[in-house]
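Novice: Predicted model follows, preceded by the sequence.
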Amino acid sequence: VQLQASGGGLVQAGGSLRLSCAASGNIFWINTMGWYRQAPGKQRELVASITTDGSTNYADSVKGRFTISRSNARNAAYLQMNGLKAEDTAVYYCNADVKETVFRVARNYWGQGTLVTVSS
């Protein structure tokens with residue numbers, strides 16, 4: 001299973017970006033999908049997550065500005081980021097709990113990360 005994240009880039013403060021995460025490979029079902037980020041010198045932190053039935057969870061720092069969504073049919077997750085701030089600058093990683101077959105327990109996978117830089 002591979003997770004491919006895309007959509008990062010350079011944006012001015014107040015601007016918007018939309019990140020995409022596409023899962024591929026041997027996939028029977030994907031449980032929770034999420035976005036994490038890691039800023040220089042800081043630990044990786046959860047930004048947002050979404051379950052199969054669409055229940056969402058957000059870090060307090062992004063509530064009201066970021067929206068996570070997913071397409072179960074496409075094995076994909078998205079992160080719409082509005083009102084970006086300089087402190088949102090980080091490498092953003094996609095994460096997913098994937099069942100490869102009906103008989104196997106879910107395994108956790110990480111994407112390669114996509115850099116988001118917000119200039120102030």
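Specialist: Everything's here; your move.
Novice: and E87, how far is that from N31?
Specialist: Separation of E87 from N31 (CB to CB, to the nearest Å): 30 Å. Every C-beta, even on glycine, is put in place using the N, C-alpha and C of the backbone.
Novice: what are the ranges of the strands in this structure?
Specialist: Across the chain, reading from the start of the chain, the strands by DSSP state E fall at 2-6, 9-12, 17-24, 29-38, 45-50, 56-58, 66-71, 76-81, 90-99, 107-110, 114-119.
Novice: Would you mind measuring from the spatially closest residue to L84 that is not a sequence neighbour to G9?
Specialist: Beyond its immediate neighbours in the sequence, the residue positioned closest to L84 (CB to CB, 6 or more residues apart in numbering) is V118, lying 4.6 Å away. Relative to G9, V118 is positioned 10 Å away (CB to CB).
Novice: Between these two, tell me which one has more neighbours.
Specialist: Looking at V118 and G9 with other CB atoms under 10 Å, you find the greater number of neighbours at V118, namely 20 against 13.
Novice: In contact with that one, which residues?
Specialist: Contacts were defined as CB atoms under 8 Å, 6 or more residues apart in numbering; by that measure V118 touches 10-13, 15, 84-89.
Novice: before we move on, what about A13?
Specialist: Applying CB under 8 Å, 6+ apart, one finds that A13 lies in contact with 84-86, 118-120.
Novice: By neighbour count, which of the residues you listed wins?
Specialist: Counting by other CB under 10 Å, L84 has the largest number of neighbours within these, with 22 neighbours.
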